[in-house]
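Asker: give me coordinates for this.
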Amino acid sequence: MHRRPSTYPLLTFSLIFLATLSVLCFGQETRIITMTGEEFRGTIVREGIDTILFKLKSGIELTVPRTSLRSIEYTTEPLPPAPYSDGAYFSLGGTVGTPSGFNLVVAGNFTREWGLRLSGLAIGVMNGIELDVVRQVDDSYPFEQSLFFGAGMFDVLGTQYYEGVGNFPEYKYWWYLAGGYIVNWHNLQGLFGLSIGTGDFFNPFPLAQIGYVHQFR
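Answerer: Next up, the predicted model:
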């Protein structure tokens, strides 16, 4: 009687091969480049059909859609230093909202996670400035989420009524400490927070900015 060849050795070999390939790929240092030219370096945590979970050397995990990738490079050798992906970068843009109505925003990240953000302007009717320390907590491309803590002030030109005299122009002031949340999507940025301080406004006072802040990296 003729016996059919067993498929178990082939199946076992296939499973071992796939497991070994996964270990090799997921343990390798990897460089990915997005369609917009951004470069990230680290290791792949998990690959799905539509997304890749990627862990940077800093420990931050990114969820990257495959449709946004230009290339993936695996290597067992250390990659040459990245020009910008895990280091410092500069941001410049404009927003509307507190502290000055129309704000010029200048920011700098001295690491990928930590940075400083300065916003404000003097336009006469409303003037203000705010300096924040920013900590990035998530970079699930193309979304970037951060927390901030800072201090600032602003004044708004209004009117004050004096009995027997009438209304006179008068600035209302607010000096404050603030904290909150920043979200960035393709350089469109929103800041939302609360301030506690002293001055002519109710306490705590909400803060918000929405605008375009370009990251040069």
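Asker: give me the phi and psi for the residue nearest to the spatial centre of the chain.
Answerer: Central residue of the chain (CA atoms, centre = their mean): residue 144, 3.0 Å from the mean position. Main-chain dihedrals, residue 144, degrees, to the nearest 10: phi -130, psi 130.
Asker: once you drop chain neighbours, what's closest to it?
Answerer: residue 184 (4.1 Å; CB to CB, 6 or more residues apart in numbering). C-betas here are computed from N, CA, C, even on glycine.
Asker: tell me which element that neighbour is part of?
Answerer: For residue 184, the element it lies in under DSSP states H and E is strand 166-185.
Asker: which elements pack onto that strand?
Answerer: With contacts taken as 3 or more CB pairs under 8 Å, 6 or more residues apart in numbering; DSSP states H and E, strand 166-185 sits against strand 126-138, strand 143-162, strand 188-199, strand 205-216.
Asker: what residues of it count as buried?
Answerer: 174, 176, 178, 180, 182, 184 (16 or more other CB atoms under 10 Å).
Asker: same question for stretch 48-56.
Answerer: Neighbour-count burial for stretch 48-56 flags 51, 52, 54, 55, 56 (criterion: 16+ other CB under 10 Å).
Asker: likewise stretch 127-138?
Answerer: Buried residues in stretch 127-138, counted by 16+ other CB under 10 Å: 127, 128, 129, 130, 132, 134, 136.
Asker: quick check: mean pLDDT across it?
Answerer: Stretch 127-138 shows a mean pLDDT of 94.
Asker: may I have that stretch as CSV, with CA atoms only?
Answerer: Extracted in CSV, the C-alpha atoms of stretch 127-138 (Å, rounded to 0.1, in the frame of the first residue of the first chain):
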residue,chain,number,x,y,z
ASN,A,127,-1.3,92.4,22.9
GLY,A,128,0.2,89.3,24.5
ILE,A,129,3.0,86.8,24.8
GLU,A,130,3.1,83.2,26.1
LEU,A,131,6.1,80.9,26.6
ASP,A,132,5.5,77.2,27.0
VAL,A,133,7.5,74.1,27.7
VAL,A,134,6.2,71.3,25.5
ARG,A,135,6.4,67.5,26.0
GLN,A,136,5.4,65.3,23.0
VAL,A,137,3.3,62.3,24.2
ASP,A,138,2.3,60.7,21.0
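Asker: now do that stretch: distance to the chain's middle.
Answerer: Computed by CA atoms, centre = their mean, to the nearest Å, the chain-centroid distance of stretch 127-138 equals 12 Å.
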